[in-house]
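1. 3D, please:
(one chain, ligands or ions: 1)
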Amino acid sequence: MVDYDPATSQPPGYMPPKVWTWDAPSGGQFANINRPVSGATHDKELPVGKHPIQLYSMGTPNGVKVTIMLEELLAAGHSGAEYDAWMIGIGAGDQFGSGFVSINPNSKIPAMLDHSVDPPVRLFESGSMLLYLAEKFSAFLPHDIHTRAEAINWLMWQMGSAPFVGGGFGHFFAYAPFKMEYPINRYAMETKRQLHVLDTHLAEHEYMAGAEYTIADIAIWPWYGSIAREAYGAQEFLATQEYKHLNRWVDLVGARPAVQRGRMVNRTFGEPDSQLRERHDAKDFEINREDMVIARSGARV
Ligand SMILES: N[C@@H](CCC(=O)N[C@@H](CS)C(=O)NCC(=O)O)C(=O)O
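-> Residues are numbered from 1 along each chain as shown. Reported below is the predicted structural model:
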């Protein structure tokens with residue numbers, strides 16, 4: 001029996017019906033792309049560039065995990081990790097095109113094809129891509145059984161935990177049509193608990209899996225580096241400056257040149273000189289940043 005109090009229901013008077021039906025958009029930000037069914041809404045082939053790896057993504061934390069990994073692999077000399085990063089505008093519904101859905105039936109960025117294999121390997125879920133690339137290039141995933149297990153533990157932790165931060169806290173704090181105390185309290189509690197998990201661990205370890213930088217750092221930094229410093233304008237609310245060890249690690253990882261490049265790829269927000277909308281060549285960082293494209297009246301070279 002659900003305890004129902006009309007005085008505290010939100011919106012006032014709301015009572016869940018017996019069977020939920022999709023009658024009206026919620027009114028929150030991104031409500032226009034939410035549907036209760038999966039599958040393509042329109043026919044659209046995806047472009048294919050010249051490199052072995054084709055990434056279809058956007059510069060959200062889940063997308064940035066993969067572009068950081070690819071930039072790290074290239075910086076470490078793995079030329080087979082050369083990639084084209086195509087923009088999938090999730091606000092415009094590009095994730096529901098038939099070509100994208102054939103790679104990711106779940107219609108979420110990032111999605112990837114590895115054309116160095118015949119037939120090409122399809123990849124969806126950012127954690128799956130990090131593991132695939134780490135194994136393919138034997139990089140950023142230690143061979144020692146204990147450190148390897150630790151890196152995978154934290155990779156899986158990230159995949160399971162971040163939705164409470166993004167879809168839970170971020171949604172209700174920043175995107176919902178009105179502020180609601182109950183969900184904001186619930187997810188602020190959980191987000192702070194997770195920040196404390198990281199802070200406690202990083203007090204004793206240089207990187208997530210120990211002394212070595214691994215795919216666990218690459219998975220966690222885009223989400224928790226961002227919530228510590230900028231995401232949702234919630235840093236004062238969550239008192240993120242108090243997580244000293246986490247902040248030490250955020251700076252350490254953020255100082256890596258490959259991380260700085262990776263976070264620019266497919267980025268659509270922030271200063272124009274922090275955005276590289278599409279990446280098809282390493283030179284694009286020098287010639288096709290958004291500030292340069294704007295100065296050329298939209299021309300990419
Ligand atoms: N667990 C997935 C999550 C991917 C995800 O949630 N992607 C979001 C952007 S960060 C998306 O594509 N949203 C579009 C939509 O929900 O339609 C992963 O890590 O790859």
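
2. what does the lengthiest helix in the chain contact?
-> Across the chain, the longest stretch assigned as helix under DSSP state H is helix 181-202. The contact list for helix 181-202 (Cβ atoms under 8 Å, 6 or more residues apart in numbering) reads 10, 161, 164-165, 168-169, 172-173, 176, 208, 220, 224, 227-228, 237-240, 243-246, 248-249. C-betas here are computed from N, CA, C, even on glycine.

3. and the residues you listed, which of them are buried?
-> Buried by 16 or more other Cβ atoms under 10 Å: 161, 164-165, 168-169, 172-173, 176, 208, 220, 224, 227-228, 238, 240, 243, 246, 249, out of those.

4. which non-adjacent residue is nearest the residue of the stretch 151-300 of the chain at minimum distance from the ligand?
-> Residue nearest to the ligand within the stretch 151-300 of the chain: Met159 (6.1 Å; Cβ to the nearest ligand atom). Closest residue to Met159 apart from its sequence neighbours, by Cβ to Cβ, 6 or more residues apart in numbering: Gly127 at 4.3 Å.

5. quick check: that neighbour touching Ser161?
-> No. The criterion here is Cβ atoms under 8 Å, and Gly127 misses it with Ser161 at 11.6 Å.

6. strands of this protein, start to end?
-> 53-57, 83-87, 111-114, 121-124 (DSSP state E).

7. let's have the ones you listed in TSV, adding mean neighbour count.
-> What follows is the strands of the chain, written out as TSV (neighbours: other Cβ atoms under 10 Å):
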stretch	mean neighbour count
strand 53-57	25
strand 83-87	23
strand 111-114	24
strand 121-124	16
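
8. which of these sits closest to Leu141?
-> Closest of the strands of the chain to Leu141 is strand 121-124, at 15.7 Å (criterion: Cβ to Cβ).

9. below-threshold pLDDT in the chain: ranges please.
-> 1-4, 6 (pLDDT under 70).

10. tell me the centre residue of it?
-> Asn62 (1.5 Å; Cα atoms, centre = their mean).

11. which of the residues in stretch 200-218 are buried?
-> Quick answer for stretch 200-218 (16+ other Cβ under 10 Å): Leu202, Tyr207, Met208, Ala209, Gly210, Glu212, Tyr213, Thr214, Ile215, Ala216, Asp217, Ile218.

12. which single one of those is nearest to Ile68?
-> The nearest one, if we look at those relative to Ile68 and count by Cβ to Cβ, is Ile218, at 5.2 Å.

13. could I get the buried residue list for stretch 80-98?
-> Those would be 81-88, 90, 93-97, for stretch 80-98 by 16+ other Cβ under 10 Å.

14. all the helices of the stretch 51-200 of the chain, residue numbers only.
-> 61-75, 98-103, 126-137, 145-163, 181-202 (DSSP state H, counting those that start in this stretch).

15. up against the ligand, what does this protein have?
-> By Cβ under 6 Å from any ligand atom, the residues of the chain that approach the ligand are Ile33, Thr60, Asn62, Ile90, Gln95, Ser107, Lys108, Ile109, Pro110, Glu125, Ser126, Gly127.

16. just checking, the fourth one touches Met58?
-> Yes. With contact defined as Cβ under 8 Å, Ile90 counts as touching Met58 (5.7 Å).

17. residue contacts, the residue nearest to Met159?
-> Contacts of Gly127 were listed using Cβ under 8 Å, 6+ apart, and they are Lys65, Leu155, Met156, Gln158, Met159, Ala219.

18. quick revisit: of the residues of the chain next to the ligand, which is the nearest to Tyr232?
-> For these, the residue nearest Tyr232 by Cβ to Cβ is Thr60; the value is 12.7 Å.
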